[in-house]
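Q: Sequence and computational prediction follow.
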Amino acid sequence: MDAAIAPTTTPRSRTAPALEVRDRDAALPDLLSVLDRDGAVVVRDMLAPAVVAALRAELGPTEHATGGGPREADEGVVRFWGGRTKRFASLARRSETFAAQVLVHPLLGAVADALLLPHCEQYWMNTGQMMIIGPGEQAQYLHRDADNWPRVCAPDGPEVTVSCMFALSDFDAEVGATRVVPGSHRWDDYSREAADHETTQAAMPAGAGMIYTGRVLHGGGANRTADVWRWGMHLSYLVGWLTPEEAGCLGIEPDRARTLPPRAQQLLGYRCYHERATGSRLWTVDYEDVPVGLGWDAP
């Protein structure tokens with residue numbers, strides 16, 4: 001394992017489990033095997049340095065204009081969203097590089113095909129979101145992304161969402177590397193809390209990504225630095241018969257969406273969901289001039 005991205009943990013009386021690390025050309029069955037066992041895997045060099053630099057440049061103006069913390073003062077909301085964390089979405093509109101190289105990332109797409117398509121005809125983007133953790137931020141409480149859809153978030157439920165946290169800056173324990181509880185997706189009781197010794201952190205350099213399933217416990221780490229911001233970019237996919245967290249098609253104008261390939265259009269919600277087994281069709285729009293084939297053209 002590359003020492004530069006060995007998982008880092010805070011000292012504990014028992015050793016926390018380490019996340020597996022793989023190269024970007026790792027065989028898909030190997031990645032799926034690790035995900036099946038641990039619920040998360042770190043992949044080196046998912047984004048080339050030039051891609052990371054382009055994303056930072058294109059998203060920099062929005063980061064600069066975005067304040068840290070949510071608009072609401074509710075303690076629970078602040079604990080989840082962060083009081084010193086900059087979050088913003090609509091990344092396909094804000095970044096040409098995101099739309100062209102991240103939204104349709106081939107490795108993440110291959111994992112999503114394997115895990116989601118057994119449960120749906122198509123999937124779409126759940127959210128593409130910057131999560132920039134600021135100095136002094138407390139740790140986010142551990143959660144499962146599939147908690148957004150509680151009726152299907154169960155030990156015996158289907159996999160409905162797959163995510164990747166891309167590091168756009170170096171992640172280590174001090175700046176808030178994502179905390180993960182390996183194997184928690186396989187627990188019989190989803191109501192129990194994780195112990196410290198069950199939790200590790202996904203330390204990784206810029207360009208790496210942590211792919212994880214919707215049912216593994218995870219959360220942003222505490223940023224204990226005085227002046228370093230942790231640049232994380234989250235992208236997740238969701239089965240097409242569930243409502244995503246982000247209204248993707250409202251985050252990018254039709255004229256811009258017309259320039260994207262059909263795959264990107266479908267992920268952003270500019271094409272409807274077809275359930276061919278039943279002949280159903282979700283997310284349709286009845287226009288005289290339907291932009292980008294919204295609601296009609298199959299992907």
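A: Received, thanks.
Q: From here on, just use CA atoms for contacts and neighbour counts.
A: OK.
Q: Quick one: classify His234 as helix, strand or coil.
A: The three-state label given to His234 by DSSP: H, G, I helix; E, B strand; the rest coil is strand.
Q: mind listing what the residue lying closest to it once chain neighbours are set aside touches?
A: Spatial nearest neighbour of His234, excluding adjacent residues (Cα to Cα, 6 or more residues apart in numbering): Met165 at 4.6 Å. Residues in contact with Met165 (Cα atoms under 8 Å, 6 or more residues apart in numbering) are 209-211, 232-235.
Q: quick check, nearest of the residues you listed to Asp30?
A: Distance to Asp30, by Cα to Cα, is smallest for Ile211 among these, at 13.0 Å.
Q: if you skip the residues just before and after it, what's nearest to that closest one?
A: Cys164 (4.2 Å).
Q: Moving C-terminal from whichever helix or strand the one you found is part of, which element do we reach first?
A: Applying DSSP states H and E as the criterion places Cys164 in strand 161-167. Where DSSP H and E defines the elements, the next helix or strand beyond strand 161-167 is strand 179-180.
Q: That following strand packs against which elements?
A: Applying 3 or more Cα pairs under 8 Å, 6 or more residues apart in numbering; DSSP states H and E, one finds that strand 179-180 contacts strand 200-201, strand 218-219.
Q: May I have the helix or strand just after the first one exported as CSV, CA atoms only?
A: What that stands for is strand 200-201. For strand 200-201, the following helix or strand on the C-terminal side (DSSP H and E) is strand 209-213. Extracted in CSV, the C-alpha atoms of strand 209-213 (Å, rounded to 0.1, in the frame of the first residue of the first chain):
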residue,chain,number,x,y,z
GLY,A,209,-11.5,9.0,-4.8
MET,A,210,-13.3,7.0,-2.2
ILE,A,211,-16.1,5.0,-3.8
TYR,A,212,-18.7,3.8,-1.3
THR,A,213,-22.2,2.3,-1.1
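Q: one step back: now render the contacts of Met165 as CSV, adding distance to Gln122, pLDDT and neighbour count.
A: Output for these, formatted as CSV (distance: Cα to Cα, whole Å; pLDDT from 0 to 100; neighbours: other Cα atoms under 10 Å):
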residue, distance to Gln122, pLDDT, neighbour count
Gly209, 23, 98, 29
Met210, 23, 98, 23
Ile211, 19, 98, 24
Gly232, 27, 98, 26
Met233, 23, 98, 24
His234, 20, 98, 18
Leu235, 17, 98, 24
